[in-house]
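Student: predicted model follows, preceded by the sequence.
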Amino acid sequence: MQTTTFKTDEEFFVDPQRCIGCHACEMACAECETNGQLPMISVDYVSRADSPQTSVQVCMHCEDPVCARVCPADAIQKDEFGIVHSATTARCIACANCVIACPFGVPKKFEPTKLMMKCNMCYDRTSAGRKPMCATVCPSGALFYGTRAQLAAQRPASVAVNVFRFGRETVRTKVNVMMPAGATELIVD
Amino acid sequence: MSRLPVAAEQLIAEFGPHLNYPPREGFPGRDQPDAVVPTHCCFCGMQCGIKLLVKDNRVVGFDPWEEFPFNEGRLCPKGVQRYLQNNHPDRLLHPLARVEGRGFAPASWDDALDRVVGEIRRIQSAHGRDAFAMLSGVSLTNEKSYLVGKFARLALKTRNLDYNGRLCMVSAGAGNKKAFGLDRASNTYADLERADVVMICGTNVSETFPTLTHWIWRARDAGAKLIVVDPRMTPIARTADLHLPVRPGRDSALYGAILRELIVHDWLDHDFIAHHTSGFDAAAAAVESFSLPWAEEVTGVPAAQIAQAAEWWGRAATSFLLHARGIEHHTKGVDNVVSCINLVLATGRIGKPYCGYGTITGQGNGQGGREHGHKCDQLPGNRDIENPQHRAYIAGVWGIPEPELPGKGLTAYEILEAIHRGEIRGLVSICFNPLVSLPNSEMVREALEKLEFYVAIDFFLNETARHADIVLPGSLHEEEEGTVTTAEGRVTRVRAAVTPPGEARTDTAILLDLARRLGAGDKFAFATSEDIFNELRVASRGGTADYYGITYEKIERQMGVFWPCPDLDHPGTPRLWEDRKWPTNDGKAHFNAVPFRGSGEVPDPEFPIILTTGRVVSQYLSGTQTRRIGKLVDQYPEPLLEIHPVLAARLGIRDRELVRVVTRRGSAEFPAQVVTTIREDTVFVPYHWPGRKSINRLTSGHLDPVSKIPEFKVSTCRLEPTGRTAPSARETAAHASA
C-alpha cells in the first residue's frame, strides 16, 4: 500500500467574496510539472461592466463524482481521501462526457493532448502533508486549506457549506464554500 | 546628442521587451535544485518572502516561503512569476556603446568605463560639477541606495541626485515628518487584526499590495468596519462596508469634513490632544467651514456617507488608517497626508495596540530607499542635507571636510526640466525608467535627446536607456546580497541566489569601479554588501531612521528587525510612539492646518473630464521587468480607458472603441472599457506602458510645492471617439509599444 502523510483533518475552503481577481492561484497552479503550464483553477469576472467581482472555481471533489459516473472508460477515480483524480492518461478517450456532466464546469478537455485534465488537489503536495499550491499563495484568503477549527476561530461570521442544490439534484462535495453563518446549503438555481 | 541611434522598432526587435514563458514541463532541474534560497519578491513594498529554486546558476522556479511572518507563503501573480525575470532572453550581458545608425554594439568594460569617466570630466570641467546629474531608484537595496548617495556626492561630486521615490513616497514622507518628525508607518500590519475601523484612503490594495488584503480581512473577520476612499470601485472597495467615491483632487476636503464632524460631535481624545499634540486649534479652525453640504458639493461624496464614516471613525475604540498614492500623487499630496493624520491624532489612536497609521510604501525598497541618502535633500539616517549638524556628522563618517559635501539639488522631474533647459548636460541613471514613469513624458523625451552624454546602468534595455551613449549591464534583485526595508519598517535580508550572467556585474561593483576611476577609490573600499551596511549603520546612527543596532545576523535570526534600532542589544521597534515621544521641535505630535485649495488643473470647457492614473495587479511600475514576463502581460495586455456608461453614452463611445484622450500635453488612443465602477466625471488609464500606449505622455507636470511629487492623479482631458474598434490586444502588443 502506498504510504502518504495526507492530513485528513485538513480541508479546502473557498470564499468567493474574498476573491480579488489577481490570478495568483492560476499562475501558481500552472507551474506544477503535471499541468504543463495550464491552470486547473479558473478565475473569471462575473460581469466586469458592473463590478470588479470575480469568481474562482476549483474542482469541488464531489462525494459521488458525476464525472466519474459518466466516464465510459472508467478513467476517473476517487481515492480513499476523497480526492477525485484527473483522468488517467492511458484510459481517457477524450469523449468529454465529464466536461459536459460536471455541475461546476470544472474538467477541461485539452485538444492538443486529447486529454481531460482537472485539479487533483495538488496530490503531490497534499499527500506529503503540504497545502495545495493555490491555497498557499492566495493573498486574500479566498482559498484556504486547513482545519475546520482554524477556520472557525478565524472567521466566526462565516460557515462552511458543502451541499449544493441544482434543481432537484443535491451534490455533496469534499471542498467547502464559505457562506454567512447559519447557511446549510447553497442553492445554485 | 541622445536621440535614438536607430528606430525604436529596431531596438525593440533586438533588446525587447520580449515575453518570457516557462517551458511546458518547467525549466530543467527545477525538481532537483542546487539551492533553495529564501529571499524576497522584488516587486512592491510588501516584500513578501519567497524561495527561489536555483539550478546551474539560474533561477528555475519558486516555492512559497510559509515561515516568513508577513505573508506566510501568500503571493500575488507578480510574485509567482517573478522568477522569470531571471534567465531572460533580453538580459543585458555586455556593456554596450551606442553606434549611430546601427544601434548598440558590445564594448569592453574598460572602454565603456573610460568613456564614462572621460565624459563626466569633460562636462564637469566645462559646465560645472552640477551639470552632471544622477537618477536612482528604490528597487535598489539599502546598501545600494546608500552607496548611490555617497557615490553622487563624493565621486561624482554633484548636488543633482534624485530618485524615483520622488514619484512614490515623498508626499507621505514630508507629511509624516511634519506630523511626527519621523517617516515610517507607525505600526506593523498585525495591528490591523483587532482594529474596530479600518479606513483605507486612495489605495487600490488588492491590485497594488495584494498580500495586504489578508490582513484587512483578518480585521474584518474580527468585526472591523472597512471604509474605502477611492474614485473607482476597486476589488477591495467592492466588499467594503462603506465606499466613498471621492472626486479626484478633493481628498483634503473629505478628511477635513470628517475632522469637523469629530469636533462637532466631540468624538475627540481631549487628554491625548492636550498632552501629546500641538496645533489642534489651528487645524480645527481651518476646517470650520467644511460643512457636510459643502463637502458633498466639493468631493462628490453624499453627505450621509461622510457623516457615517465620521461616526464610525469617531466612535471606534481601535482603528487603523492606511493611505497610498491615491492621496499622495497630488499638488496637495502633503496636505492630504496630514489631513489623514489629523484624524488619527484627534482620536488619540496611535502608539497603542490595534491603533495604527501608515502610508503603504509602493516600491520594493520604497521605505529603506528613502532613508539613506539618494534623495536630493537627504543624507543617511533620514538626515537633512541642509542641516549643519547633520552635514558635519556625515562628513565625519565619510572622512571629508564638511564644505566638500554638496548641498541640496533638484528633484527628479526638475532634473529633466533642467536638462531640457540645457543646464544639466550629462546623466547617469540606475534603476529608473523616467520615460515611462514621469509625467509629461514628451518633455522627458526631448530632454533626453538634448543630453550630451548619458550612461544607463540596468539589467534590461528599458525605454529610457535606449537613449544612452553607454549602457552598463548591472544586477537583478537576486544577484546581490543586501537588505530591504518593507512598508512596515521591517529590515529584511535579500539574498544573492545567482551571480550576474555573462559579463554583467553587480550594481555595487560598477559603482565602486566608477568611483575608483573618478579618483575617490579610498572612500569606497567595500569588499562586501555587509561592509556597506555596516557603514550605513554608523551613518544612520543618531538619525531618525537609526539602523545602528541592526546587523545581518540579527535580521536573519529575527526574520527582520524594525527600525529604529539604536543599539546592538535593542530588539527593534515594531510599534512606534508607545513612549509618546515624538522627535519634533516640541516633542509632540503635530496637527497641521489644511485649508482647501484646488488641483493644478481643474476641469474647464476645453478639458472637461478628470483623467486619473494608477496600476493593475499584473504589472509593476514602468514595466521594465513585468512587461517581459509572458503571463503577466497576457493577464492585462494593454492599457484600457475605464469610463462610466453615462459619460460614454453622452459622448457616443462604445465598449472597445478606440478613444482619443487629449490633454494640454498631447493625445493618445486607448480602447474604452465601459464600466459602472468609476465616477461619471472621471476616466482612468493605468500607466505601465511605453510609447504610443503611455498615458504619461498626457499627464500633467504640476508638482506638490513641498514634496515635488507630480500630480499623476489629476489631469484634465477631453475624449474624442474615433469610431474605430480597437484591434486585438495581441495585434497592439502594447507591452513593446514604440
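Tutor: Sure, I can see it.
Student: ok, and the closest non-adjacent residue to residue 131?
Tutor: You didn't say which chain, so I picked chain A. Closest residue in space to A:K131, ignoring its immediate chain neighbours: A:Y145 at 4.2 Å, by C-beta to C-beta, 6 or more residues apart in numbering or on different chains. Placement of C-beta: from N, CA and C, glycine included.
Student: that's the other chain; I wanted chain B
Tutor: Of all residues not flanking B:A131 in the chain, B:R425 sits nearest, at 4.8 Å (C-beta to C-beta, 6+ apart).
Student: neighbours around the one you found, how many?
Tutor: Counted with other C-beta atoms under 10 Å in any protein chain shown, residues neighbouring B:R425 total 22.
Student: please verify my assumption that it contacts B:D130.
Tutor: No: in this structure, B:R425 is not within contact of B:D130 by C-beta atoms under 8 Å, at 10.1 Å.
Student: so for stretch A:24-38, mean pLDDT?
Tutor: If you average the pLDDT over stretch A:24-38, you get 90.
Student: report the distance from that stretch to the chain centre.
Tutor: Its chain's C-alpha centre and that of stretch A:24-38 lie 14 Å apart, by C-alpha atoms, centre = their mean, to the nearest Å.
Student: now that stretch: buried residues?
Tutor: By 16 or more other C-beta atoms under 10 Å in any protein chain shown, the buried positions in stretch A:24-38 come out as A:24-32, A:35, A:37-38.
Student: surely B:V198 is within a strand?
Tutor: Yes: under DSSP: H, G, I helix; E, B strand; the rest coil, B:V198 sits within a strand.
Student: what is it paired to in the beta sheet?
Tutor: B:L226, B:F320 (DSSP bridges).
Student: count the residues that sit near it.
Tutor: Neighbourhood size, B:V198 [other C-beta under 10 Å]: 24.
Student: ok, it to chain A distance?
Tutor: Taking C-beta to the nearest C-beta, to the nearest Å as the measure, B:V198 falls 15 Å from chain A.
Student: what do you get for B:L93?
Tutor: Applying C-beta to the nearest C-beta, the value for B:L93 to chain A is 26 Å.
Student: longest strand of chain B, counting residues only.
Tutor: Criterion DSSP state E: the longest strand present in chain B is strand B:715-725.
Student: check which helices and strands the biggest strand by length in chain A sits against.
Tutor: Using DSSP E to define each element, chain A has its longest strand at strand A:169-180. Helices and strands touching strand A:169-180, as assessed by 3 or more C-beta pairs under 8 Å, 6 or more residues apart in numbering or on different chains; DSSP states H and E, comprise strand A:10-14, strand A:158-166.
Student: what's the angle from the first one to strand A:158-166?
Tutor: Angular relation of strand A:10-14 and strand A:158-166 on a 0 to 180 degree scale: 70 degrees, by axes from the mean of the first three to the mean of the last three C-alpha atoms, to 10 degrees.
Student: check which element follows strand A:10-14 along the chain.
Tutor: Using DSSP states H and E, the helix or strand that directly follows strand A:10-14 along the chain is helix A:24-30.
Student: next up, the contacts around B:I678.
Tutor: B:231-233, B:642-644, B:684 (C-beta atoms under 8 Å, 6 or more residues apart in numbering or on different chains).
Student: hmm, 7 Å instead?
Tutor: By C-beta atoms under 7 Å, 6 or more residues apart in numbering or on different chains, the contact set of B:I678 is B:231-232, B:642-644, B:684.
Student: try B:R194
Tutor: B:222, B:318, B:354.
Student: returning to what we had before: who does the longest strand of chain B touch, helix- and strand-wise?
Tutor: Contacts defined by 3 or more C-beta pairs under 7 Å, 6 or more residues apart in numbering or on different chains; DSSP states H and E place strand B:715-725 against strand B:609-614, strand B:657-663.
Student: partners of it, with directions?
Tutor: Checking strand B:715-725 against DSSP bridges gives partners strand B:609-614 (antiparallel), strand B:657-663 (antiparallel).
Student: grab the nearest non-local neighbour of the residue most central in space within chain A.
Tutor: Nearest residue to the geometric centre of chain A (C-alpha atoms, centre = their mean): A:C59, 2.5 Å. Spatial nearest neighbour of A:C59, excluding adjacent residues (C-beta to C-beta, 6+ apart): A:C119 at 3.7 Å.
Student: gap between that neighbour and A:T136?
Tutor: According to C-beta to C-beta, to the nearest Å, A:C119 stands 14 Å off from A:T136.
Student: between the two, which has more neighbouring residues?
Tutor: The neighbour comparison of A:C119 against A:T136 (other C-beta under 10 Å) goes to A:C119, with 27 against 22.
Student: wait, is the more buried one part of a helix?
Tutor: No: under the criterion used here (three-state DSSP), A:C119 is coil, not part of a helix.
Student: ok, it - contacts?
Tutor: Neighbours of A:C119 in contact, by C-beta under 7 Å, 6+ apart: A:40-41, A:58-59.
Student: so it versus chain B, what's the distance?
Tutor: Applying C-beta to the nearest C-beta to A:C119 and chain B gives a distance of 17 Å.
Student: what's the closest non-adjacent residue to whichever residue of the stretch 301-450 of chain B sits closest to chain A?
Tutor: With C-beta to the nearest C-beta, the shortest gap between the stretch 301-450 of chain B and chain A falls at B:I360, namely 14.1 Å. Among residues not flanking B:I360 along the chain, B:A324 sits closest, at 4.4 Å (C-beta to C-beta, 6+ apart).
Student: which residues are in contact with that neighbour?
Tutor: With contacts defined as C-beta under 7 Å, 6+ apart, B:A324 is in contact with B:202-203, B:359-360, B:362.
Student: let's go with 8 Å and repeat that
Tutor: Contact analysis of B:A324 by C-beta under 8 Å, 6+ apart lists B:201-205, B:208-209, B:359-360, B:362.
Student: can you read off the pLDDT for A:Q2?
Tutor: A:Q2 is assigned a pLDDT of 55 by the prediction.
Student: should've said A:D124
Tutor: Here, the pLDDT recorded for A:D124 equals 89.
Student: spell out the secondary structure type for it.
Tutor: helix.
Student: shaky segments in chain A?
Tutor: A:1-3 (pLDDT under 70).
Student: what sits against B:T732?
Tutor: B:637-638, B:693, B:726 are the contacts of B:T732 under C-beta under 8 Å, 6+ apart.
Student: out of these, which is most surrounded?
Tutor: Neighbour-wise, the contacts of B:T732 (other C-beta under 10 Å) top out at B:K693, 23 neighbours.
Student: okay, how far is it across stretch B:625-643, tip to tip?
Tutor: Across its full length, stretch B:625-643 reaches 28 Å end to end, with C-alpha to C-alpha, to the nearest Å as the criterion.
Student: brain fart, stretch A:11-28
Tutor: 19 Å.
Student: do the same with stretch B:561-581
Tutor: 21 Å.
Student: buried residues in stretch B:660-671?
Tutor: In stretch B:660-671, counting by 16+ other C-beta under 10 Å, buried: B:661-663, B:665, B:668-671.
Student: now do it, average pLDDT.
Tutor: Stretch B:660-671 comes out at a mean pLDDT of 98.
Student: hey, C-alpha coordinates of it in CSV?
Tutor: C-alpha atoms of stretch B:660-671 as CSV (Å, rounded to 0.1, in the frame of the first residue of the first chain):
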residue,chain,number,x,y,z
ARG,B,660,-8.5,59.6,-28.3
VAL,B,661,-7.7,61.2,-25.0
VAL,B,662,-6.5,64.8,-25.4
THR,B,663,-4.8,66.9,-22.7
ARG,B,664,-2.7,70.1,-22.8
ARG,B,665,0.4,67.8,-23.3
GLY,B,666,-0.9,65.8,-26.3
SER,B,667,-3.1,62.9,-27.2
ALA,B,668,-3.1,59.1,-27.3
GLU,B,669,-5.6,56.5,-28.2
PHE,B,670,-6.9,53.8,-25.8
PRO,B,671,-9.7,51.2,-26.1
